[in-house]
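Trainee: Next comes the sequence, and after it the predicted model I'd like to discuss.
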Amino acid sequence: MTIRLKPLHDQVIVITGASSGIGLVTAKRAARKGAAVALAARNESDLRDAVAEIRRSGGRAIHMAADVSNPSDVEVLAAATVAAFGRIDTWVNNAAVAVYGRLTELSLEEMRQQFDINYWGVVHGARVAVPYLRMEGGALINVGSALSDRAIPLQGNYSAAKHAIKGFTDALRMELEDEGAPISVTLIKPSSIDTPFFDKARSHLGVEPQPVPPVYDPELVAKAILAAAERPVRDLIVGGSGRLLSLSSLTPRVTDAYMERRLFESQKTDRPVFGRPDNLFGPVPHDGGERGRNWKGRTIRRSASTAMALHPKIASATLLTAAAAFAVAAFARTVGRAS
C-alpha cells in the first residue's frame, strides 16, 4: 500500500518527552510549520510554559502531564488530542531517562524503571497510536539512539533499551506492512545531542556525566523527525559520529578495545554530584529547556551525513557531479601529459 503523509501544516502531532530537549525543540518547530501539537511529559509546569509560548507565536498546542510507563496515561493523551484537534496524523515516541553506572552497580529497581520509560513507553505509545493512525494514515516515529546499533559502557541499560526499541520498531513495521496499514514506521537514531538530558541523569559515577563528543544541535534531530512525518523513512541516523558508531559494529573487538580506553573517562566531567535531583522516578522541578548547560557554543549545527540521508536525490546528484568533475580533470591531465 502506498503511504501518503500530510504536509506539516495539515498535521496533528503528538510528542512525548516534550518538556525539554529534542521533544520541546521538535514541538516548537512543528508548530512554526503550522502543525497542531500535543505535548506530553511528566513535568506539567514546563509543558504549560511551552504551550503558552507556542500559542503566543500563533501556534496551536495542548499539553498533558503523562507518564509513558503507564499505558492508561498514554490512552488519555491520545483521547485528549483527538478531542482537541479531531485526529492524530503523527505520533512521536521520544521520552527517555538516563542512568550512568556499571551494570553490576545499578539496582534492579533503577534498571526496570529505566526500561519502563525508555522501552515500554515506546511500546505503549505505539500500541495506542496505531489504531488512530490506521483511520486516515500517518506516521509513527520512535526516537531510538545511535546506541540502538552499538552499546557503550556506563550506559549499558540505556543501550539495551535502545536495542530493544530497534527490534520492536523493525518487527512492528513488517507486521503493519503485511496487513496493508497506511502507516509509516520510522526509527530516528540521534548521536550525542546538546540537551538537558544529561543534567537530569542519575549518576553513580561520583561526578556529573556528559555526552560523548562530538555533540550536535537538537534542531538537527527535530528536522529529521519532521521530515519523517511528511515522507516515509525507514530509519535515520542524526550526526556523522552516530553513523561511524553504527559501522563500528562490523569490527566489534576493535571497537571494544577503543571504547575501553576512551569511553569511561570521556563520559565524566570533573564536577562532583552534590545530591542534585534526577528524573528517573519522577520529574525534576525544571526540565532545563531546549539545550544543556555544558555545551553552549560548542555544538555542531550541521551534519553532511544527515543532510544526505534526508535528501538522497540531491546527494546522488552531488556525488555524480563530483565524479564527473573528477573524471574530466583526470582526462585533462592525461591529455596534457600525452601532448
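Mentor: It's in. Numbering: from 1, shown residues only.
Trainee: so what strands line up beside the helix or strand hosting residue 236?
Mentor: Using DSSP states H and E, residue 236 sits in strand 235-238. Pairing partners of strand 235-238, with direction, according to DSSP bridges: strand 183-190 (parallel).
Trainee: Tell me the first helix or strand C-terminal of the partner strand.
Mentor: Tracing the chain C-terminally past strand 183-190 and defining elements by DSSP H and E, one meets strand 202-203 next.
Trainee: For that following strand, name the packing helices and strands.
Mentor: strand 99-100 (3 or more Cβ pairs under 8 Å, 6 or more residues apart in numbering; DSSP states H and E). Where C-beta positions appear, they are placed from N, C-alpha and C, glycine not excepted.
Trainee: The strand it packs on pairs with which strands, parallel or anti?
Mentor: Using DSSP bridges, the strands paired with strand 99-100 in its sheet are strand 202-203 (parallel).
Trainee: now the helices: where do they sit in the stretch 1-150 of the chain?
Mentor: If DSSP state H, counting those that start in this stretch is used as the criterion, the helices of the stretch 1-150 of the chain fall at 21-32, 44-56, 71-85, 108-118, 120-136.
Trainee: And the contacts of the strand holding residue 236?
Mentor: Contacts of strand 235-238 with the rest of the structure, by Cβ atoms under 8 Å, 6 or more residues apart in numbering, involve 146, 169, 186-191, 193, 216, 220-221, 224, 227-228, 243, 246, 303, 305-306, 309-310.
Trainee: make it 6 Å
Mentor: By Cβ atoms under 6 Å, 6 or more residues apart in numbering, the surrounding residues in contact with strand 235-238 are 187-190, 220-221, 224, 243, 306, 309.
Trainee: Buried ones in that strand, by neighbour count?
Mentor: Within strand 235-238, the residues scored as buried using 16 or more other Cβ atoms under 10 Å are 235-238.
Trainee: just checking, what packs against the very next helix or strand once past that strand?
Mentor: Later in the chain than strand 235-238, the nearest helix or strand by DSSP H and E is helix 240-247. Here helix 240-247 touches no other helix or strand, going by 3 or more Cβ pairs under 6 Å, 6 or more residues apart in numbering; DSSP states H and E.
Trainee: Try it again at 10 Å.
Mentor: Counting contacts by 3 or more Cβ pairs under 10 Å, 6 or more residues apart in numbering; DSSP states H and E, helix 240-247 packs against strand 183-190, strand 235-238, helix 252-266, helix 304-310.
Trainee: Buried residues, that helix. List them.
Mentor: So, applying 16+ other Cβ under 10 Å, buried residues of helix 240-247: 240-243, 245-246.
Trainee: So residue 40 is in contact with residue 73, correct?
Mentor: Yes - at 8.2 Å, residue 40 counts as touching residue 73 under the criterion of Cβ atoms under 10 Å.
Trainee: which residues do those two both contact?
Mentor: Taking Cβ atoms under 10 Å, 6 or more residues apart in numbering as the criterion, residue 40 and residue 73 both touch 16, 64-67.
Trainee: Drop anything exposed from those.
Mentor: Buried members of the shared contacts of residue 40 and residue 73, counted by 16+ other Cβ under 10 Å: 16, 64-67.
Trainee: Contact partners for residue 151?
Mentor: Under the criterion of Cβ under 10 Å, 6+ apart, the neighbours of residue 151 are 157-160, 162-163, 249, 255-256, 259.
Trainee: same question but for residue 96, I mixed them up
Mentor: Counting by Cβ under 10 Å, 6+ apart, residue 96 has contacts 16-17, 21-23, 68, 114, 117-119, 121-122, 143-145, 158, 161-162, 165, 197.
Trainee: So it versus residue 191, what's the distance?
Mentor: As defined by Cβ to Cβ, to the nearest Å, residue 96 lies at a distance of 15 Å from residue 191.
Trainee: Residue 113 too?
Mentor: 25 Å.
Trainee: Looking at these two, which is more packed in?
Mentor: With neighbours defined as other Cβ atoms under 10 Å, residue 113 and residue 191 compare such that residue 191 has more, 29 against 18.
Trainee: correct me, but that one touches residue 306?
Mentor: Yes - the pair residue 191 and residue 306 qualifies as a contact (Cβ under 10 Å) at a distance of 9.1 Å.
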